[in-house]
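Participant: structure for this input, please:
(2 chains)
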Amino acid sequence: MVNLKIDGQEISAPEGTTVLRAAEAAGIAIPKLCDHKELTPYGGCRLCLVEVEGARTLQPSCTLPVSDKMVVWTNTPQVREARRFVLSLIFSERNHFCMYCPVSGGDCELQNAAYAEGMTHWPLQPNWQPYPVDASHKDFVLDNNRCILCRRCIRACGELVGNFTLGVEERGARTMVIADLGVPLGESTCIACGTCIQVCPTGALIDRAGAYRGREKDSQKTASICAGCSIGCGVVLITRDNNLLRIEGDWDAPVNQGLLCELGRFRPLDDPGQRILTPLVRKDGALKAATWEEAIGVTAAKLQPLAGKNGSGMAAIASPRLTAETLCAFSELFATKLGSAQLATTDDPAPAPVPSTGTLADLHQADCVVVAGADLVANHQVAGFFIKRAVPKGTRLIVIDAGESQMKALADCAITPNKGGEPSAIAGIVAALKNQAVDVLAAHSGAPADALAKAASMLAAAKTPVIVAGPHKHLAGALSELADTVAAKIVSVYGKANTRAALAYKIDGAFDPKGKQAVFVALGDEKPTQKLIQQVEHVPFVVVQAAYTSQLTAVADVVFPVETWAEQEGHFVNVEGAVQRVQRGLIPPDEVWSSARVLHVLAQKMGYELTADWQRSL
Amino acid sequence: MAKPKVCDDWLAGCAGCEMSLLDIDERILQLVDLVDLRSTPITDLKVPDESGVDVGILTGAINNTYNEEVAHTMRKRAKILVALGDCAVFGGVVAMRNFFKLEDALKRAYVDTESTEPGSKVPSDPELARPTVVKAVGEVVKVDVNVPGCPPDADVIFYVLSELAQGRMPELKGELLHWH
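Facilitator: Numbers count the residues shown, from 1 in each chain, chains lettered A, B, ... in the order given. I've put the predicted structure just below:
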């Protein structure tokens, strides 16, 4: 520990800590712009200048490591003068017009810094040079007029996400943030994760959906969990007057540490279609608005006689975006009470996970990662970011996939066996590690023997290898042997937000409603697939609980209007088994019920009481 | 003590700041009691007294040679000059014109506008003020009190004016300081 004094306060901090971090830990706030707690210090903006006794000039506290007996002053007249000067220069460099900027009024760190210094005007006017605005991206806009060249976006893109799309061109006053080698953002290698928007201190990077719809002080923030894949990223829902403005990654969430992918940040803001606002019951061939009592009554009357008739009875399918509480009630009602042999989720095919021995956090320490049967560029993207960002720092990446996987482009060793040849390829790597013959296994797998040997040599050199396995149970044996051989952890990735909970409640069958008398679809806000619609079309009695109208609700006999993911209260169980709280960010319309309530009331109508404890099976 | 003499004039702006002034509601009566209101755009007296006034308030940006003259006159005759609103303080929305060539802006306004009769010309009478690069008031004359905001809140305006009326210099900070 190093002992120093900041503003007269005795502070001790671990060696290597910056003065800025040490001050923050002691509750002393130093203004800053380019610094961000998740990013490597950069020392670009000079707003965090402090006075260090004995130093010739003011020092940037964000890059200055603490040293013993250091005496630092953060708020002397000289420091404040320098801050105002730095801010004056930043404001004069480009065009910072608060009156027509969406982040003005609390959301802009540059403006807040000026307020903190009591600046009522710019001592130096800008020179009215217009800078390019790049509005080519579908989800966000880069306005270079408001850019202060702090490079937070560039560091986030590279250091946090490992995508390295953003960079700068030119030098000095001509410096400009660009995508790739100067192409429009919309045509660049950007993967639309939006991390750059989340770290931008000004209005230079703004999202299209939420811009100009409300300032931070007018909006509410609700911490919840993403309803996309099974990583279970912590999100912050930013809402105003019951409208969702924006979704941000929760920096405090242990799983994703602030990161989100496109599917979690932007796609939930797409227009979801027409909301269902009352229960609907088919009368004389057409769906008509009905009361809850009527809709529940019609459904109970149809389903109850089918109880216990496995073959000709009913099939039930649920979205793995529903809460654990809902899925537990679903399982109890249809399996235990009504005796339906067929419970499925809308995951298609039903996931058959490889058993996990590690957690996603193991990826942060991994020096070699094997990705088998999972394309983390397409799905479970945040886990992919953890790998992508480690590769430039020396983590070796081995990808084994019979199909197309975009991970292969990043891999040190990409192995493409024949279809079904993955277990042999993995066994080949194990053989190579044990100095046994590889040729026969290589030939059987269809992958070249030298690729298997190369993978083996990378794994042999690794101290903390991690295997990421896709939902292919047939790989379990081979991967387990590989893990044992090199002392690797296996991190299994599969399914959607609550697939793990669904599997725990035995909602794990294949869905085939052919010949059934009735089908119950607990869809929530999911978009039904064409396959699902075709499957249920000819079933005599179709019940759908859904948030939005679709071709599926059009063929239903009863439709229950239910909450969307942002309106739900409950829990998701992520791929590691972490039980995480889903909080309501939006209030549902009046006549809309929670999916769980529909199941409970329906059960009561049929004379059942749903009492299963959702936590017990997990 | 004699009531402080206050003058006001507007330059290139939208009158939003004046609307915000009216938003101080009944408090305007307190202000009227405190000050001797001299020239404003809506009083008979249009220019500040030659003998000098205590407070001069300008809203809007400097957009042409006439605005410059008004600013210089106000500066010369007022002990304390207040720039009120983002246009006066920064150039504001008016300064968006600086991103275009002056000739292009004039052509767009007087010739190309959809509602303009064909054959219209940019006015060139030598008696008219000549448009210039848009400037904040502070770029042309020394400003003593900058009150940013688009427009400044009624509470900010009331605070500034009541402080000045009572012979104190207002200090904008915390809730009272906003640029938007």
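Participant: which regions of the chain sit below the pLDDT cut-off?
Facilitator: Going with chain A. Residue ranges of chain A with pLDDT under 70: A:310-311.
Participant: that's the wrong chain, I wanted chain B
Facilitator: For chain B, the ranges with pLDDT under 70 are B:1.
Participant: please name the bridge partners of the most centrally placed residue in it.
Facilitator: Centroid-nearest residue in chain B, with CA atoms, centre = their mean: B:T59, separated by 1.4 Å. Assessed by DSSP bridges, B:T59 has beta-bridge partners B:W10, B:L84.
Participant: wait, it sits on B:G92?
Facilitator: No. When contacts are counted by CB atoms under 8 Å, B:T59 is not listed as touching B:G92 (9.8 Å). Just so you know, the C-beta spots here come from the backbone N, C-alpha and C atoms, and that holds for glycine as well.
Participant: mind listing the shared neighbours of the two?
Facilitator: By CB atoms under 8 Å, 6 or more residues apart in numbering or on different chains, B:T59 and B:G92 have these common neighbours: B:13, B:85.
Participant: chain B contacts on chain A?
Facilitator: A:95, A:97-101, A:104-105, A:111, A:114-115, A:118, A:120-122, A:125, A:128, A:130 (CB under 8 Å from any CB of the partner chain).
Participant: again, only this time at 6 Å
Facilitator: A:98-99, A:104-105, A:115, A:118, A:120-121, A:125, A:128, A:130 (CB under 6 Å from any CB of the partner chain).
Participant: would you write a ChimeraX line that selects the buried entries of those residues?
Facilitator: To isolate the buried ones among the residues of chain A next to chain B in ChimeraX, judged by 16 or more other CB atoms under 10 Å in any protein chain shown, type:
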select /A:98,99,104,105,115,120,121,125
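Participant: phi, psi of residue 22?
Facilitator: You didn't pick a chain, so chain A it is. With angles defined as degrees, to the nearest 10, A:A22 sits at phi -60, psi -40.
Participant: equivalent analysis for B:Y110, please.
Facilitator: Dihedral angles (degrees, to the nearest 10) for B:Y110: phi -100, psi -20.
Participant: can I assume it is in contact with B:V122?
Facilitator: Yes. B:Y110 lies in contact with B:V122 (CB atoms under 6 Å); the separation is 4.7 Å.
Participant: and the host helix or strand of A:E294, what does it pack against?
Facilitator: Using DSSP states H and E, A:E294 sits within helix A:292-303. Judged by 3 or more CB pairs under 6 Å, 6 or more residues apart in numbering or on different chains; DSSP states H and E, the packing partners of helix A:292-303 are strand A:558-561, helix A:595-605.
Participant: so A:R396 versus chain B, what's the distance?
Facilitator: With the distance defined as CB to the nearest CB, to the nearest Å, A:R396 ends up 50 Å from chain B.
Participant: residues contacting that residue?
Facilitator: A:368, A:412, A:458 (CB atoms under 6 Å, 6 or more residues apart in numbering or on different chains).
Participant: looking at strand pairing, list the partners for the residue nearest to the second one when sequence neighbours are not counted.
Facilitator: In this structure, A:D412 finds its nearest non-sequential neighbour in A:R396, 4.8 Å apart by CB to CB, 6 or more residues apart in numbering or on different chains. Note on A:R396: beta-bridge partners A:C368, judged by DSSP bridges.
Participant: show me the contacts for the residue of the stretch 201-350 of chain A found nearest chain B.
Facilitator: Going by CB to the nearest CB, chain B is nearest to A:R215 of the stretch 201-350 of chain A, at 8.8 Å. For A:R215, the contacting residues are A:105-107, by CB under 6 Å, 6+ apart.
Participant: tell me how far it lies from A:I148.
Facilitator: Distance check for A:R215 against A:I148: by CB to CB, to the nearest Å, it reads 20 Å.
Participant: for A:L160, same thing?
Facilitator: From A:L160 to A:I148 the distance is 20 Å (CB to CB).
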